[in-house]
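Peer 1: Predicted model and sequence below, questions to follow.
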Amino acid sequence: MTTVLLHGLGADRRQPLELFGEVVRAAVGADELVIAPDVRAHGAFADVGAPADFALDRLAAEVAASVRAGIVRAVQSDAAASDPITIVGISMGAAIALRLAIGGLLPIERAVFVRPSFSDESLPDNLRAFPVIGQLLADAGSGGITEFRERGVFRRIAEESPAGARAILAQFSAPDAARRAMRLVEIPRNRAFESDAELTRLADRGIRSLVVGAPRDPVHPLALAERWAGALGAPLELLPPRDAGQPAHTAAQREYVGRWLRRD
């Protein structure tokens, strides 16, 4: 079987590999094929392209093609690309994983959605900081961080979660951030689903899911994780807030995902 790991906005394939790579192999087996592609304008996927290229369904189609090619290369069999897949997505990666499952672009059997941040709303309040960062990067490069710190959208995040504020500031120091600023402007405008019924239909198709959320996370609201879990009919695991300590937050993610993969 194959497990696909998808990273968050502004990160790259190393994020889910470092977080879950060993967890997956310990839970499923040392011979599990683990594939973690870079999404457009992230990591080794250097192309930026046009605004329309950042529609979630287009990103999902590119991910699906990359995953299928990776499976065929690893297994040396075209037929293997039709075998069941487990997918684990973080934040933006959760939204792409959802579009892959809804569209049937990959033969997904199990899905883990970690700290979902996208909903049925274009540019919801929790994602409004990203286009601001994108525009500042395009206009001033990494130096735009000074102005961003003065913006109300950043101050609101910092008031709720200092750890969340530090995480979002990392967008200014991401590799090649200014050239890739379009990703921050366009991707948050996407809707992950049209209605809760679209999520419910995944369970009806036999796709088993887990949702992982955390309190006091302004970019990944717990209420949204609860909504995803409720509509999917999926269990919801609650992480300790990042402000209680990143090591505990990270350890809990690994524990919950590993335990679910072993049990399911």
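Peer 2: Nice, thanks for sending it over.
Peer 1: who's in contact with the longest helix anywhere in the chain?
Peer 2: Secondary structure of the chain per DSSP state H: the longest helix is helix 56-75. With contact meaning C-beta atoms under 8 Å, 6 or more residues apart in numbering, helix 56-75 is reached by 2, 4, 6, 33, 35, 37, 39-40, 52-53, 78, 80-81, 83, 85, 95-96, 99-100, 103, 105-106, 118, 187, 190-192. In this view, the C-beta of every residue, glycine as well, is placed from N, C-alpha and C.
Peer 1: For stretch 84-95, list every residue counted as buried.
Peer 2: Residues Ile85, Thr86, Ile87, Val88, Gly89, Ile90, Ser91, Met92, Gly93, Ala94, Ala95 are the ones in stretch 84-95 that count as buried (16 or more other C-beta atoms under 10 Å).
Peer 1: Tell me the helix or strand right after the longest helix of the chain.
Peer 2: For helix 56-75, the following helix or strand on the C-terminal side (DSSP states H and E) is strand 85-90.
Peer 1: Do you have the strands of this structure handy? List them.
Peer 2: 2-6, 33-35, 85-90, 108-114, 208-213, 236-238 (DSSP state E).
Peer 1: residue contacts, the residue nearest to Val4 when sequence neighbours are not counted?
Peer 2: Counting by C-beta to C-beta, 6 or more residues apart in numbering, Val4 lies nearest to Ile87, which is 4.6 Å off, once chain neighbours are set aside. Neighbour list for Ile87: Thr3, Val4, Leu5, Leu6, Ala97, Leu100, Ala101, Leu106, Ile108, Arg110, Ala111, Val112 [criterion: C-beta under 8 Å, 6+ apart].
Peer 1: hmm, which of those are the buried ones?
Peer 2: Buried among the contacts of Ile87 by 16+ other C-beta under 10 Å: Thr3, Val4, Leu5, Leu6, Ala97, Leu100, Ala101, Leu106, Ile108, Arg110, Ala111, Val112.
Peer 1: so what pLDDT did the first one get?
Peer 2: Turning to Thr3, the model gives it a pLDDT of 97.
Peer 1: List the beta-bridge partners for it.
Peer 2: Taking DSSP bridges as the rule, Thr3 bridges to Val34, Thr86.
Peer 1: Same check on Val112?
Peer 2: Val88, Leu210.
Peer 1: returning to what we had before: using a markdown table, lay out the strands of the chain together with distance to Ala27.
Peer 2: Output for the strands of the chain, formatted as a markdown table (distance: least, C-beta to C-beta, whole Å):
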| stretch | distance to Ala27 |
| --- | --- |
| strand 2-6 | 9 |
| strand 33-35 | 11 |
| strand 85-90 | 10 |
| strand 108-114 | 11 |
| strand 208-213 | 12 |
| strand 236-238 | 14 |
